[in-house]
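Engineer: I need the structure of the sequence given here:
(one chain, ligands or ions: 1)
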Amino acid sequence: MSAKIPLNRLLDLSQPEFLAAIGGIYEKSQWIVESFYNFTLSPSLDAAVIQDNKEKITNVRVLFNEIELLLRNSSKDRQLQLLKSHPDLCLKIEAATEITEESKHEQKSSGLSTLTAEERETFTSLNNEYKAKFPFPFILAVRNASKQTVLSALRGRVHSTLEQEMDCALFQVNKIAWMRLLDEVDAPEGKTHGGFLTCHVLDTANGIPASGMVIELYVHENMDGVQQSRLLKSFVTNSDGRLDGPALKGEEFKVGMYEWRFYLGDYFAQFSGSRISGTPFLDVVPLKFGLDDPTEHYHVPLLASPWSYSTYRGS
Ligand SMILES: NC(=O)N[C@H]1NC(=O)NC1=O
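Structural biologist: Numbering: from 1, shown residues only. Just a heads-up that it's a prediction; the model follows:
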């Protein structure tokens, strides 16, 4: 993959350069990015207007929202064409023809290539059912998706109405385009996208912050079709049950699948009168989560007792 272009440099490109850089974020539908350029950055506009437009695009999320608005305001027919431009999800991606490099890359990073013979049969039959019912292929933003997620989505969505499915497919297309944009565009020079990851553990059995708990952070990576997890960092919670700073920020804060591992068993064993034996009911709690917006703050906490836990997307 070629080097990313900083956002401020992207906005200074000519139309052909701009389209070469990000024209492919919507599958075979360059007109969306082209319309954005023409409405916002075209030299035919007043110089002061262009400058004003550029200043409003403060980060990659704002840029994406502006581009996406043009798709949202386009006719149903054009939206339908966009959905039809997507390739089928393939079981043999290497053998697929007429598929863009972007799409190949996304499909390769899903678990589709690891389906068993039985799962392949289920996938093919559901996919055929879907294609017979809807005028566009089944679309899912499959980057990082497990095969179970793909099958489950297909199994459920095949029963949707056309209206529901059109809405859902467009949502997925926007997710795909957003990730493609992030592959191409960097934060403005000298800055970062500003997103960061934090954590907090509350001990709900004792009504206190869980201080002194060991937490590990792993990243899940796809290595030639094989999912692997790699330890990134190890922490011990402070007296407030938090980490002393963001677990990920700046350059390290990348889109992907991550996992906290909370060492609950060790933590709860310390209390006098504790009912934790050498075989704790909850020992290490894994929490696998996805980060797909490097401009946002993700707070991923745990509320835990020796017998239960829960989490939520905080901010
Ligand atoms: N059909 C379909 O979902 N295609 C795609 N999904 C994805 O993430 N990239 C694609 O091209």
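Engineer: list the contacts of residue 106.
Structural biologist: Contacts for residue 106 (CB atoms under 8 Å, 6 or more residues apart in numbering) come out as 141, 142, 143, 176, 179. C-betas here are computed from N, CA, C, even on glycine.
Engineer: restrict the residues you listed to contacts with the ligand.
Structural biologist: Among these, the residues within reach of the ligand (CB under 6 Å from any ligand atom) are 141, 142, 143, 176.
Engineer: residue contacts, the second one?
Structural biologist: Under the criterion of CB under 8 Å, 6+ apart, the contact partners of residue 142 comprise 89, 106, 107, 109, 110, 112, 150.
Engineer: looking at this structure, which residue reaches furthest from the middle?
Structural biologist: Taking CA atoms, centre = their mean as the measure, the residue most remote from the mean C-alpha position of the chain is residue 273, 43.6 Å away.
Engineer: check the gap between that residue and residue 74 for me.
Structural biologist: In this view, residue 273 and residue 74 are 65 Å apart by CB to CB, to the nearest Å.
Engineer: show me where the stretch 151-300 of the chain has strands.
Structural biologist: Remark: strands of the stretch 151-300 of the chain, listed N- to C-terminal, are 185-186, 196-198, 201-203, 208-209, 214-223, 226-236, 248-249, 256-263, 284-291, 297-299; assignment by DSSP state E, counting those that start in this stretch.
Engineer: adding mean pLDDT and mean neighbour count, write those out as TSV.
Structural biologist: Converted to TSV, the strands of the stretch 151-300 of the chain look like this (pLDDT from 0 to 100; neighbours: other CB atoms under 10 Å):
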stretch	mean pLDDT	mean neighbour count
strand 185-186	94	21
strand 196-198	98	20
strand 201-203	98	22
strand 208-209	98	14
strand 214-223	93	16
strand 226-236	94	13
strand 248-249	97	18
strand 256-263	97	19
strand 284-291	97	15
strand 297-299	98	18
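Engineer: now the residue in the stretch 51-200 of the chain that the ligand sits nearest to. Nearest residue, chain neighbours left out?
Structural biologist: Checking the stretch 51-200 of the chain residue by residue against the ligand with CB to the nearest ligand atom singles out residue 103 as nearest, at 3.3 Å. Leaving aside its sequence neighbours, residue 103 sits nearest to residue 87 (CB to CB, 6 or more residues apart in numbering; 5.5 Å).
Engineer: what does the model give the closest residue in space to residue 110 that isn't next to it in sequence for pLDDT?
Structural biologist: Distances taken as CB to CB, 6+ apart place residue 142 nearest to residue 110, at 3.8 Å, with adjacent residues excluded. The score at residue 142 is 94. That number is its pLDDT.
Engineer: would you say residue 142 is within a helix?
Structural biologist: No: for residue 142, which was evaluated using DSSP: H, G, I helix; E, B strand; the rest coil, the result is coil, with no helix membership.
Engineer: next, count neighbours for residue 265.
Structural biologist: 18 (other CB atoms under 10 Å).
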